[in-house]
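Undergrad: sequence-free structure coming up:
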């Protein structure tokens, strides 16, 4: 009898403790395939993440920016990046300079000033770093390079109609550009160029729906249309994608695609209800700007291009470890929803669907377990940089065990 009781107790304990754990392991099985196409590693991910949806629990722990402090006064459009030590680099287009702060927010140095000479800026609008803490600034048709000590190194010619890019270790331009192809095709390309802007590799090209809408169709607005996304890594590669399909491409400094990351997600139609909401919001915006001249609703609808399908993503971010954050294109009907990102590790495996609270505006960087954003105070006329510590960052598993 005692043996029977012990046997029953053992069975119950086993069922309560072991089986649930086994079930959880089964749930976490990555149902994906890896294929090779023309020598390229293709990672095919399922629709659902391996682990779970997770909401980042964030806490604001640093604010930089004051109207009263010359060293932290930001006037206009900001671009920023963060290095391996947590130092923060802020490019302010209004003051034509870079301001560097340590991880505690203490001012360290200023780089650049307004002008046309070496290391001077005329219309700077983008900053990025590499793993050696070199600083790259897009300034019109030039990219300026500063070393980790803040000393100007040299300038490169880059395409005027580019935004995100990287200068490779070989001194080549790897990035995006807008191009016009005869007779009147407008395209968004990923290219590799030398210092003379000679194209060495045409890596990818996509029709520019937004530019076609503006210049050929003469639309007033283009909403939810897919646009090329490009993000440089601190290492010598970049990730890009055109969100009419869910594919992310990793491209190295020679212009060779080394990895394709796919996600099995069906296209989502933009509903009639959402299109109505979009027109409503545009009407309100126009009215707030000019109450005397209100465009009739039906006329406005003719001049608004709204994509039939929602883009799969509308931005790509990379952190210092090469993890990929593909920002989902939100719905105009979900005003209370936060920012949603698909999280892929550096191997291209889809691990999490991440939610970031909607209160965080203008997310620029996700690095070092923190979210960095900018906020404009219109009445006071200055910007602030805010850092939010991700309190549950340690819960993320970046590898499959």
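TA: Received, thanks. Small disclaimer: the values here were computed from a predicted structure and weren't measured.

Undergrad: how about the strands in the stretch 101-250 of the chain?
TA: For the stretch 101-250 of the chain, the strands identified by DSSP state E, counting those that start in this stretch occupy 107-111, 124-129, 135-139, 142-146, 152-157, 165-167, 173-181, 185-193, 199-207, 221-223, 229-232, 237-241, 247-252, in order along the chain.

Undergrad: can you redo the ones you listed as TSV with mean pLDDT, distance to residue 302 and mean neighbour count?
TA: Every C-beta, even on glycine, is put in place using the N, C-alpha and C of the backbone. As requested, the strands of the stretch 101-250 of the chain are exported to TSV (pLDDT from 0 to 100; distance: least, C-beta to C-beta, whole Å; neighbours: other C-beta atoms under 10 Å):
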stretch	mean pLDDT	distance to residue 302	mean neighbour count
strand 107-111	96	48	15
strand 124-129	94	33	21
strand 135-139	95	36	22
strand 142-146	95	40	21
strand 152-157	93	41	15
strand 165-167	94	36	24
strand 173-181	91	25	20
strand 185-193	94	21	21
strand 199-207	96	22	16
strand 221-223	93	11	18
strand 229-232	98	29	22
strand 237-241	98	31	24
strand 247-252	98	33	20
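
Undergrad: Mind putting those into CSV with distance to residue 264?
TA: Rendered in CSV, the data for these read as follows (distance: least, C-beta to C-beta, whole Å):
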stretch, distance to residue 264
strand 107-111, 45
strand 124-129, 31
strand 135-139, 35
strand 142-146, 37
strand 152-157, 40
strand 165-167, 30
strand 173-181, 26
strand 185-193, 24
strand 199-207, 21
strand 221-223, 26
strand 229-232, 19
strand 237-241, 15
strand 247-252, 11
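
Undergrad: Mind checking those strands for the one nearest to residue 276?
TA: Nearest to residue 276 among the strands of the stretch 101-250 of the chain is strand 221-223; the distance by C-beta to C-beta comes to 12.3 Å.

Undergrad: coming back round to it: just so I know, which of the strands of the stretch 101-250 of the chain lies nearest residue 304?
TA: Closest to residue 304 of these is strand 221-223 (C-beta to C-beta; 4.7 Å).

Undergrad: Quick one, which of the strands of the stretch 101-250 of the chain gets closest to residue 294.
TA: In this view, the strands of the stretch 101-250 of the chain are compared for proximity to residue 294 by C-beta to C-beta, and strand 221-223 is the closest at 15.7 Å.

Undergrad: List the strands paired with that closest one, with their directions.
TA: Paired with strand 221-223 in the same sheet, following DSSP bridges, are strand 304-306 (parallel).

Undergrad: residue contacts, residue 245?
TA: Applying C-beta atoms under 8 Å, 6 or more residues apart in numbering to residue 245 gives the contacts residue 312.

Undergrad: Could you measure from it over to residue 200?
TA: Distance check for residue 245 against residue 200: by C-beta to C-beta, to the nearest Å, it reads 26 Å.

Undergrad: Same check on residue 262?
TA: With the distance defined as C-beta to C-beta, residue 262 ends up 27 Å from residue 200.

Undergrad: for residue 320, same thing?
TA: Looking at residue 320 against residue 200, where the rule is C-beta to C-beta, the gap reads 28 Å.

Undergrad: pretty sure residue 253 is touching residue 168, no?
TA: Yes: counting by C-beta atoms under 8 Å, residue 168 is a contact partner of residue 253 at 3.8 Å.

Undergrad: who touches both of those two?
TA: In terms of C-beta under 8 Å, 6+ apart, residue 253 and residue 168 are both contacted by the residues 174, 236.

Undergrad: ranges for the helices of the stretch 201-350 of the chain?
TA: Secondary structure of the stretch 201-350 of the chain, counting by DSSP state H, counting those that start in this stretch: helices at 209-215, 272-289, 297-302.

Undergrad: Quick one: closest of those to residue 357.
TA: Within the helices of the stretch 201-350 of the chain, the stretch nearest residue 357 is helix 272-289; the backing value is 22.0 Å (C-beta to C-beta).

Undergrad: correct me, but residue 45 touches residue 263?
TA: Yes: at 4.7 Å, residue 45 and residue 263 qualify as touching, with contact defined as C-beta under 8 Å.

Undergrad: Spit out the residues that contact the two alike.
TA: Here residue 45 and residue 263 share the contacting residues residue 350, scored by C-beta under 8 Å, 6+ apart.
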